[in-house]
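> prediction below, plus the sequence it came from.
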Amino acid sequence: MKNILVPKLNEIFQKRKYNFEINHRHNNRFIQLNTILNNDSDVHYEYYQGFVELHLEGKYSSYDYNDVWRTLVDESRKHNNLSWHRWSERNQGRCRYAKHVESPEDIIEGFEYLSNIFDPILKDIDDNTNEDRGNVTETLPLADLMKVNELTTSIVQIKNLPFNNFVIPEYQRPYKWTVKNVNQLINDLLAFRKNKEYRLGTLVLNDNNIVDGQQRIVTLSLILHVLFSKQDISQKSPYQEVQDKVNTFWKRTKFKNEHSIAHVRENLTAIKERIEDLDSKFLDFLLQNCQFVMVQLPKVSEAFQFFDSQNARGKDLEPHDLLKAFHLREINTFSENDSSNITYWQGQNSNHLVNLFLTLYRIKKWSKNNSGREFTKSDIDVFKGISLGDKRYPFYMQQLICHYFSHRYSNDITRNIDGSNMEFPFQLDQTCINGSRFFDMIRHYNKLYNHVTNCEHYKVYDSESNSASAYKIIDKLNKYPNRNRKGDMYVRQLFNSLLMYYIDRYGYEEINKITRKIFKYVYALRLAHFSIQLSTIDNKATMGRMFKAIRDSQSPYDIINLSIQFLPKEQNARNADNIIQELYY
């Protein structure tokens, strides 16, 4: 291959440097060709793992050259056969030409294709910016020292934040916000843009140094950078002073950590992909209605102590607490029903709510064959959905019709006569309706959750002739001696989730047969395995048949008729409980 490529490279890319790596395992493992910037090997074209790519390495992975990367990405979007991929610790450090290399001629074609696209851009950037690069901070005016003699607090609109004076100190952790975090922030801002005020959190400062709040300040600066780059905004914007401050922030801010640089790049791209959502009204809301609580402390030790007390020593909020705050903000006017729901919520034990939300979360995940081991703060989006003020997408309409009809029916004056009520037809497969309906939903499923584990609720379906009724099975599951072993508790959680998912769909129709079916399906794990881990039930839920069978069923009999493997008695684990064995066989 080398004998074929060298003459071609010399002919087409005259006087341009190239490099072959050869070893005993992979002959011509990679081939590098310099760009128009022939003396700069940090940016080059490369045949690598079957494709021809543009690689950005060395100094081009630093924030100083972020504008180069951004310009190259913008150009690549014009070509459907180009895509960006991970390189070392950077998520977008190489741009790939999609054609798979089958011959030396394909390598030459790839080099020519990429050089025709990127060489002119690199040459233009080099001519216009390289001389001044790295010296920007030297020409910046000195920041105003934000020094205080005692603790001061203030509520500050985003437009009044001194971005131009902010410094991210060396001791700060890397910038870690991901595309998911950025999109969630934008979604929240869009959801609450009708509010007169929207609090974004607390910003803790020591002099000019950001002690707490770096993630949001950097992300907001990226959003504002994109907004101010829009032509329709930049030409008419009354916020020139804010724009200048944000520009100064980015000129002063130099990330050295590669993870921070990668997240800045990815998040900037994600924000640009939301460009249609970011209009002048969004900018007005962000700058005028959104606020920080800004805390300034005179000594860095005091700032860290304050940060520690806010984030470490204080009791961390549970995911359900965050959801409560989110959905309360979605309620514009509190009704009597809302007040009742909040009182009901406040009356629930916190550990009970943790278990309830974990069960609901698992059902939502497991019913789609996705892992659902733990419910954390990063998973709360599962319980966020439709805001009544949102656009009317077709898939929203069924729930919106149910929402408005059930609300009108239950609040009609004739209900004072007949006393009837129409509950919203909740289903765990549904997208949640934000605000009041969320609290209705939790009240509904808390009642069902309590019923699922209470054997007395099944007694009406029991009979003396049925030795394995739902009542008898659940009564024994609630009482057998080893029920509180960790493995037994995991299995019971899977059983409860499946039974709750069924009842949510079909009520108590054929509940004795269904409970028996689910019991045999789940407790085969307890009989077959000496040790049960969380991963055991998670794998059973995601890879097994039962959740999918319930999800895809049209009647209870689709589940009753489901064939499951019967566990032979000789395969029972040594520590299998006798009561479970008796129920099973």
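Perfect, thanks for sending it. Numbering: from 1, shown residues only.

> tally of neighbours for the nearest residue to residue 453 once chain neighbours are set aside?
In this structure, residue 453 finds its nearest non-sequential neighbour in residue 496, 6.2 Å apart by Cβ to Cβ, 6 or more residues apart in numbering. From N, CA and C alone the C-beta is placed, and that goes for glycine too. Neighbour count of residue 496, defined by other Cβ atoms under 10 Å: 21.

> how about residue 52?
26.

> bridging residues for it?
Beta-bridge pairing of residue 52 under DSSP bridges involves residue 47.

> element containing the residue nearest to residue 453?
In the assignment (DSSP states H and E), residue 496 maps to helix 486-506.

> list the buried ones in that helix?
Neighbour-count burial for helix 486-506, counted by 16 or more other Cβ atoms under 10 Å, picks out 487-488, 490-506.

> what residues of the following helix or strand past that helix count as buried?
Following helix 486-506 in sequence order, the next helix or strand is helix 511-528 (DSSP H and E). Across helix 511-528, burial judged by 16+ other Cβ under 10 Å covers 511-527.

> could you do stretch 292-300 as well?
Of the residues in stretch 292-300, those buried by neighbour count under the rule 16+ other Cβ under 10 Å are 292, 294, 295, 296, 297.

> so of those residues, which ones are in strands?
Among those, DSSP state E puts 292, 294, 295, 296, 297 in strands.

> what stretches of the stretch 401-550 of the chain score poorly on pLDDT?
415-416, 418-419 (pLDDT under 70).

> can you check the chain too?
For the chain, the stretches with pLDDT under 70 are 22-29, 61-64, 87-92, 126-142, 171, 234-237, 300-316, 390, 415-416, 418-419.

> ok, residue 579 to residue 483 distance?
Distance check for residue 579 against residue 483: by Cβ to Cβ, to the nearest Å, it reads 9 Å.

> cool, residue 81 as well?
59 Å.

> more crowded one of these two?
Ranked by neighbour count (other Cβ under 10 Å), residue 81 and residue 483 place residue 483 first, with 16 against 10.

> any chance of the backbone angles for that one?
For residue 483, the backbone dihedrals (degrees, to the nearest 10) come out as phi -70, psi -20.

> swap in residue 81?
Residue 81 has phi and psi values of phi -100, psi 20 when expressed as degrees, to the nearest 10.

> who's in contact with it?
Contacts for residue 81 were tallied using Cβ atoms under 8 Å, 6 or more residues apart in numbering; they are 97, 98, 99.

> need the buried residues of stretch 292-300 in JSON lines (columns: distance to residue 452).
Shown next, in JSON lines, are the buried residues of stretch 292-300 (distance: Cβ to Cβ, whole Å):
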{"residue": "292", "distance to residue 452": "44"}
{"residue": "294", "distance to residue 452": "48"}
{"residue": "295", "distance to residue 452": "46"}
{"residue": "296", "distance to residue 452": "52"}
{"residue": "297", "distance to residue 452": "51"}
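
> looking at the residues you listed, which is nearest residue 378?
Set against residue 378, the nearest of the buried residues of stretch 292-300 by Cβ to Cβ is residue 292 (22.8 Å).

> my guess is the closest one contacts residue 213. True?
Yes. Counting by Cβ atoms under 8 Å, residue 292 does reach residue 213; the two are 7.1 Å apart.

> tell me how far the spatially most central residue of the chain lies from residue 219.
For the chain, the residue nearest the mean C-alpha position is residue 180 (4.3 Å; Cα atoms, centre = their mean). The gap separating residue 180 from residue 219 is 12 Å, by Cβ to Cβ.

> could you do residue 441 as well?
31 Å.

> again with residue 244
20 Å.

> of those two, who's got more company?
Neighbour tally, residue 244 and residue 219, criterion other Cβ under 10 Å: the higher count belongs to residue 219, 20 against 13.

> on that earlier part again, quick one: what helix or strand has the residue nearest to the centre of the chain in it?
Using DSSP H and E, residue 180 falls in helix 179-191.

> after that helix, next one along is what?
strand 198-206.

> that following strand vs helix 179-191, what angle?
Interaxial angle, strand 198-206 versus helix 179-191 (axes from the mean of the first three to the mean of the last three Cα atoms, to 10 degrees): 130 degrees.

> strand 198-206 pairs with which strands?
Using DSSP bridges, the strands paired with strand 198-206 are strand 209-212 (antiparallel), strand 290-297 (parallel).

> quick one: closest of the ones you listed to residue 52.
Going by Cβ to Cβ, the one of those nearest residue 52 is strand 209-212, 42.3 Å.

> how about the helix or strand just after that closest one: buried residues?
Following strand 209-212 in sequence order, the next helix or strand is helix 214-229 (DSSP H and E). Counting neighbours by 16+ other Cβ under 10 Å, one finds that the buried residues in helix 214-229 are 214-228.

> in CSV, could you pull the C-alpha coordinates for helix 214-229?
Extracted C-alpha coordinates of helix 214-229, given in CSV (Å, rounded to 0.1, in the frame of the first residue of the first chain):
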residue,chain,number,x,y,z
GLN,A,214,-20.0,27.7,38.0
GLN,A,215,-22.1,25.2,36.1
ARG,A,216,-25.1,27.5,35.6
ILE,A,217,-23.1,30.6,34.9
VAL,A,218,-21.0,28.9,32.2
THR,A,219,-24.2,27.4,30.7
LEU,A,220,-26.1,30.7,30.8
SER,A,221,-23.1,32.4,29.2
LEU,A,222,-23.2,29.8,26.3
ILE,A,223,-26.9,30.3,25.8
LEU,A,224,-26.5,34.1,25.8
HIS,A,225,-23.5,33.8,23.4
VAL,A,226,-25.8,31.9,20.9
LEU,A,227,-28.7,34.3,21.4
PHE,A,228,-26.6,37.4,20.7
SER,A,229,-25.1,35.7,17.6
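
> ok, then the element right after that helix?
With DSSP H and E setting the assignment, the helix or strand that follows helix 214-229 is helix 231-234.

> which residues are in contact with that following helix?
So helix 231-234 is contacted by 227, 228, 243, 279, 280, 283 (Cβ under 8 Å, 6+ apart).

> ok so, going back, what's the most distant pair in the buried residues of stretch 292-300?
With distances taken as Cβ to Cβ, the most widely separated pair in the buried residues of stretch 292-300 is 292 and 297, at 15.1 Å.

> what is the burial count for residue 451?
Count around residue 451 with other Cβ under 10 Å applied: 15.

> okay, and it sits in which element?
Residue 451 belongs to helix 436-452 when assigned by DSSP H and E.

> only the buried residues of stretch 561-568, if you could.
Using 16+ other Cβ under 10 Å as the test for burial, stretch 561-568 gives residue 567.

> can you give me the end-to-end span of it?
20 Å (Cα to Cα, to the nearest Å).

> residues making contact with it?
The contact list for stretch 561-568, computed with Cβ under 8 Å, 6+ apart, reads 517, 520, 521, 524, 527, 528, 545, 546, 549, 584.
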